[in-house]
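Enquirer: Build the 3D model from these lines:
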Amino acid sequence: MLSTENRLRRRQDFAEAVRRGRRAGRPLLVVHLRRDTTDPHVPGGRTPPARAGFVVSKAVGGSVQRNLIKRRLRHLVRDRLSLLPPGSLVVVRALPGAGSADHEELALDLDAALSRLLGRDTHGDAEGRVAR
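Expert: Numbers count the residues shown, from 1 in each chain. Model (predicted):
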């Protein structure tokens, strides 16, 4: 489970991440990342920690299936929050195929999307060569 300080709750935060952030699409997920945002609700003007929110529509499945996917995604994102810059807003939107995907498939898609958004190419350099 994500701690309270790492959760996106306000509609404005979701909208800012989706509208003003970068997007990486994968077969099971779409990840939106807005870097270096400031939160006016944080006292002292300090940079808030990275925060994440999830969107799982009815296209994914029934309520039991949607809640299962949200739990899996929360668990996966919690382990990857340290990779994100402070103040980042992340919105993970599950696509219909996520309903039949297992934990490992979701993890692979999430890792690939975050690597792309954070500028870390895990499959090779700009010319397609893999570093050795």
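Enquirer: Enumerate the positions of stretch 65-72 that are buried.
Expert: 65, 66, 68, 69, 70, 72 (16 or more other CB atoms under 10 Å). Every residue, glycine included, has its C-beta placed from N, CA and C.
Enquirer: Can I get it as PDB, trimmed to CA atoms?
Expert: Extracted C-alpha coordinates of stretch 65-72, given in PDB (Å, rounded to 0.1, in the frame of the first residue of the first chain):
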ATOM      1  CA  GLN A  65     -11.000  -7.300 -11.200                       C
ATOM      2  CA  ARG A  66     -10.500  -3.500 -11.100                       C
ATOM      3  CA  ASN A  67      -9.600  -3.600  -7.400                       C
ATOM      4  CA  LEU A  68      -7.200  -6.400  -8.000                       C
ATOM      5  CA  ILE A  69      -5.500  -4.400 -10.700                       C
ATOM      6  CA  LYS A  70      -5.300  -1.300  -8.600                       C
ATOM      7  CA  ARG A  71      -3.800  -3.300  -5.700                       C
ATOM      8  CA  ARG A  72      -1.200  -4.800  -8.000                       C
END
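Enquirer: Next, count neighbours for the residue lying closest to residue 77 once chain neighbours are set aside.
Expert: Leaving aside its sequence neighbours, residue 77 sits nearest to residue 52 (CB to CB, 6 or more residues apart in numbering; 4.7 Å). By other CB atoms under 10 Å, 24 other residues sit near residue 52.
Enquirer: Which residues are in contact with residue 52?
Expert: Shown in contact with residue 52 (CB atoms under 8 Å, 6 or more residues apart in numbering): 2, 6, 7, 8, 74, 77, 81, 89, 90, 91, 92.
Enquirer: Tell me the buried residues within these.
Expert: Buried members of those, counted by 16+ other CB under 10 Å: 2, 6, 8, 74, 77, 81, 89, 90, 91, 92.
Enquirer: which one of the buried residues of stretch 65-72 is nearest residue 59?
Expert: residue 66 (9.5 Å; CB to CB).
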